[in-house]
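Asker: give me coordinates for this.
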Amino acid sequence: MPDHKTIPLRSEIPEAYTWNTADLYPTDDAWHTDAQLLRTQIDTLGSYAGRLGSGADTLYDYVTLEQEAGERLSKLLDYAQRKSDEDTRVDTYQAMVGKAMSLYVDFLRATAFETPEVLSIPEEQLEAFYAQKPELTLYRRYFHNIQRRRAHTLSDAEERLLAAAGDMAQAPDDIFSKLTDADLTFPPAVDSQGVQHPLSNASYTLLMASEDRALRKSAFEGLYASYGGMKNTLAATLSSQVKQLQFFATARKYPSALSASLDANHVPESVYHTLIRTVRANLDKMHRYVRLRRKLLGVDELHMYDVYAPMVSGGVTAFPYDQAKETVYQAMAPLGEEYQSILREALDHRWIDVYENVGKRSGGYMSGAMVHPYILLNYQDDLDSMFTLAHELGHAVHSYRSNRDQPTVYRDYVIFVAEVASTCNEALLMEHLLARTSDKRSRAVLINHFLEQFKSTLYRQTMFAEFELRMGELAAQGETLTADLLCREYKALNEAYFGPDMVSDDAIALEWSRIPHFYYNYYAFQYATGYSAAIALSRRILSGGPQAVEDYLHFLSGGCSQDPIDLLKGAGVDMTSPQPIQSALDLFDQLLDEMESLMEA
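Answerer: Residues are numbered from 1 along each chain as shown. Next up is the predicted model:
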C-alpha cells in the first residue's frame, strides 16, 4: 500500500490496487484497430437512411448493427477514459478520448435518421414486420418507446430547427460552469488562529466540515460574498436555463418542462409531487434534527455555517482498504452467495483502482463496461472511503447483472433507479456496523453519518426539487426570475426546511447561485426518491427473507426492460406511493431517538 503522507506516482502503486484495463484491450494498438472497425460500421449505418420502413429484414439488419456498433463505441470510450483518468497528464490518452468522442458524434450523426423513420412506420406495419421476422420482436419495446413519443415529435424541418438550437440550449450550463469553476475567485478563509486557508468551490465543503467555527464562518461569508457580487449575472443565467427548458417543452407539446423531463424516463409527475408533499409533512423531524445539532455543538445559535460540522467525533478507528473491503463483503451477506461472488470477483480481480496517485482523476465513480464494471476510488483509510467503496460496488453489481442478463438494447438502466443499488449497499453496511458496535461513542459516530445522509439526500435534495418546481411555475406564469426573486424564494424554502432553531443567515439566500444541479433538468429529486427506495429495500431485505432478496436481485438484472416504476414495484417498493418515503423518514426519527439517548448517557 502507498504511503499516504505523500502522493505516489502511478508506477509506485502496487498492481493489485489498480484496475486492469487489459480486460478491455490488451494494447493501445488493439484499441486503434477496433476504432477503425467502428468507423466502417458507422459508414454502413448511414447507408440505411431512407430504408428502415422498406422491409422487416432491412429494419432488423440495421438495428442489430446499430447495437453492435454502440457496444464497440462504449468499449472504446471506456478504455480511453479509464486510461486517461489514471494520469490526466498523459497526452496519448487525452488524444484517444478526443478520438473516441469524435466517433461518438459521428455515430449520432449517422443514426440521426432512425427516430423519424421509425416514427413514420405505421404500427400495423411494424406488427407485420414482427410476424415476418420473429427475431425483430426483441426490439418491440425499443420501437414502442420511440413511437409512444409520436405526439411530441415534430416535422422533419421542425426537428432540424430544434436540433440546431441544441448548442444554444447548452449555453446556460456552459456559462455557469465557466463562471463558477474558472472565473470566480474567493478570498482566503481565516481560522481562529488567524491562519489563512485557500477557498474555492472544491475546498468549501472541507472547510465547512472543520471543527473550527471561526474558519467555517469565514469560508461561508467569503464564498457568498463572491457569489453575491455576481448574483445578477447568475440570475440571468439560471433564468435562461428555465426558459430554454420551457421553450423545448412547449415546442414538443408538453404541458410543462417538468412533464417533458420526466417523460424521458417514463416517470409519472405524481412521483415528483408525492416526494415534496411527503417530505413537507415530515419537516418536524428535520427541525428536531436541527435542535439536536444545536445542542450537541453547544452553541446558543445554530447558523448555516454549522450545518456540516461534525456533531460527534472520535470513537471510530481508521479503515485501511484491505479491512474495508472485507467488511463490505461481509455486510452484503444478506443478499446471498451469488451477490457476494460478484463482489469477490470485483475485489480480487482488479475491477477497482484504489489509491490516489499523481495526476489521477479526483473523486470516485463506477463505469459499467461490458467486460466488467470499473471503479475509481481515491481511498483514504477512513469511514467515508469505506462507504464510498460500498456505494460504488452497488453500482457495479447493478451494471454487471443488467449487462449479463439483458440483451444490449435493454442493458442500460435509467437515471431514476441509478442510485438505488448503491445507496442500498450503504444502508446494509450501516446496519452491519451498528449490529457489531456497542461502544456508545462509536455508535454515535455511525448514527451521525447515517443522519447526515438523510439530511443531505432526502431533505436537501427535496428542497432543491421544490425550488426547481417553483422556478418553472413562476417562469410559466411570465415572471422574470430576477436575483431578488430567486433569493426571496430560496430563503423562504430554507427557513421552512430547517425550521425556527436555525438562523437562516442572509447569505444563504444566495445558495441557488452555486448549485450545478439546477442546470440538469429536474434531476435533483431522483437522489431523494432513490434514497427512499434504497432504505425501503434494505429494510425489506433484512426482514423479508429469501423472497425479498430474490425480488431485489431481479431488479438488479432488469436494465431498462421495464419502466423504472415497474422495476421497483417488482422489488417490493412502489414509488407512486408515499409509503417508501414515509418509512425512510420514520427511520430518520428512530435514529434521532437513539442519538439523543447515546449523547445523554
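
Asker: residues touching the closest residue to Q579 other than its chain neighbours, list them.
Answerer: Distances taken as CB to CB, 6 or more residues apart in numbering place A536 nearest to Q579, at 7.8 Å, with adjacent residues excluded. All C-beta atoms are positioned from the backbone trio N, CA, C, and that covers glycine. The contact partners of A536, by CB atoms under 8 Å, 6 or more residues apart in numbering, come to 572-573, 579-580, 583-584.

Asker: neighbour-wise, which one of these leads?
Answerer: Ranked by the number of neighbours (other CB atoms under 10 Å), the contacts of A536 place P580 first, at 27 neighbours.

Asker: can you tell me how far it is from D506?
Answerer: 36 Å (CB to CB, to the nearest Å).

Asker: swap in Y374?
Answerer: For Y374, the distance to D506 - CB to CB - is 45 Å.

Asker: next: Y60.
Answerer: 63 Å.

Asker: ok, Q562 next?
Answerer: With CB to CB as the criterion, Q562 and D506 are 48 Å apart.

Asker: neighbour count winner among these two?
Answerer: Q562 (16 against 12).

Asker: isn't the more buried one up against G570?
Answerer: Yes - counting by CB atoms under 8 Å, Q562 does reach G570; the two are 7.5 Å apart.

Asker: who's in contact with G368?
Answerer: 395-396, 398-400, 402-403, 412.

Asker: swap that for T18, please
Answerer: 86, 350, 353-354 are the contacts of T18 under CB under 8 Å, 6+ apart.

Asker: show the pLDDT at it.
Answerer: On pLDDT, T18 comes in at 98.

Asker: what does it show for phi and psi?
Answerer: Backbone torsions for T18, taken as degrees, to the nearest 10, come to phi -120, psi 150.

Asker: quick one: it from L347, how far?
Answerer: 13 Å.

Asker: ok, E468 to Q526 distance?
Answerer: With CB to CB as the criterion, E468 and Q526 are 12 Å apart.

Asker: scratch that, K83 is what I was asking about
Answerer: Taking CB to CB, one finds K83 at 30 Å from Q526.

Asker: point to the residue nearest the middle of this structure.
Answerer: E419 (6.2 Å; CA atoms, centre = their mean).

Asker: tell me the pLDDT at the residue of the chain most remote from its centre?
Answerer: What lies farthest from the middle of the chain is Q132; by CA atoms, centre = their mean that is 41.7 Å. Confidence at Q132, expressed as pLDDT, is 97.

Asker: got a list of what it touches?
Answerer: Residues 55-56 are the ones in contact with Q132 under the rule CB under 8 Å, 6+ apart.

Asker: all the helices of the stretch 101-250 of the chain, in order from the start?
Answerer: Applying DSSP state H, counting those that start in this stretch to the stretch 101-250 of the chain gives helices spanning 114-120, 123-132, 140-147, 156-164, 166-169, 171-177, 201-208, 213-229, 231-251.

Asker: need those helices in TSV with distance to D593, can you?
Answerer: Output for the helices of the stretch 101-250 of the chain, formatted as TSV (distance: least, CB to CB, whole Å):
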stretch	distance to D593
helix 114-120	53
helix 123-132	56
helix 140-147	46
helix 156-164	53
helix 166-169	48
helix 171-177	41
helix 201-208	27
helix 213-229	27
helix 231-251	40
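
Asker: quick one: closest of the ones you listed to H432.
Answerer: helix 201-208 (26.9 Å; CB to CB).

Asker: quick one, what contacts D384?
Answerer: H449.

Asker: right, and the helix or strand after whichever strand or helix holds it?
Answerer: Taking DSSP states H and E as the definition, D384 sits inside helix 383-405. Proceeding N to C from helix 383-405, the next assigned helix or strand is helix 420-435, under DSSP H and E.

Asker: contacts for that following helix next, please.
Answerer: By CB under 8 Å, 6+ apart, helix 420-435 touches 327-328, 330-332, 334-335, 366, 386-387, 390-395, 397-398, 443, 446-447, 449-450, 453, 457, 530-531, 533-535, 537-538, 541-542, 552, 555-556, 568.

Asker: burial measure for S422, as a count.
Answerer: Neighbour number of S422 under other CB under 10 Å is 22.

Asker: ignore the last one, S577
Answerer: 14.

Asker: that one - nearest residue in space that isn't next to it in sequence?
Answerer: Here the residue nearest S577, using CB to CB, 6+ apart, is T274, at 7.4 Å.

Asker: what sits against the one you found?
Answerer: Taking CB under 8 Å, 6+ apart as the test, what T274 contacts is 576-578, 581.

Asker: same thing but at 10 Å, please
Answerer: Neighbouring residues of T274 by CB atoms under 10 Å, 6 or more residues apart in numbering: 268, 529, 575-581.

Asker: just the element for it, please.
Answerer: Assigned by DSSP H and E, T274 falls within helix 269-280.

Asker: model confidence score at the closest residue in space to Y305 that isn't next to it in sequence, please.
Answerer: Spatially, and ignoring its direct neighbours in sequence, Y305 is nearest to F220 (3.7 Å; CB to CB, 6+ apart). At F220, the model reports a pLDDT of 98.

Asker: D484 versus F220, what's the distance?
Answerer: F220 is 21 Å from D484, by CB to CB.

Asker: between the two, tell me which one has more neighbours.
Answerer: F220 (23 against 12).

Asker: pretty sure the more buried one sits against H303.
Answerer: Yes - between F220 and H303 there is a contact under CB atoms under 10 Å: 7.8 Å.

Asker: now for these two: what residues contact both?
Answerer: 505, 507-508.

Asker: mind listing the shared neighbours of Q562 and G570?
Answerer: In contact with both Q562 and G570: F555, using CB under 10 Å, 6+ apart.

Asker: stretch 195-202: which residues count as buried?
Answerer: 197, 199 (16 or more other CB atoms under 10 Å).

Asker: name the residues that touch that stretch?
Answerer: Contacts for stretch 195-202 (CB under 10 Å, 6+ apart): 180-181, 184-191, 203, 206-207, 210, 212, 215, 218-220, 222-223, 226-227, 362, 514, 516.

Asker: quick one: buried ones out of the residues you listed?
Answerer: 180, 184, 186, 189-191, 207, 210, 212, 215, 218-220, 222-223, 226-227, 514.

Asker: dump the residue contacts of the residue nearest to the centre of the chain.
Answerer: E419 touches 391, 394-395, 398, 457, 526-531, 533-534, counting by CB under 10 Å, 6+ apart.

Asker: likewise M304?
Answerer: 208, 216-217, 220, 224, 494, 498, 502-508, 511.

Asker: could you measure from it over to S218?
Answerer: From M304 over to S218 (counting by CB to CB), the distance is 14 Å.

Asker: over to N378?
Answerer: With CB to CB as the criterion, N378 and S218 are 27 Å apart.

Asker: re earlier: give me the subset of the contacts of T18 that lies in strands.
Answerer: D353 (DSSP state E).

Asker: of the contacts of T18, closest to L258?
Answerer: Among the contacts of T18, and counting by CB to CB, the member closest to L258 is D353, at 38.1 Å.
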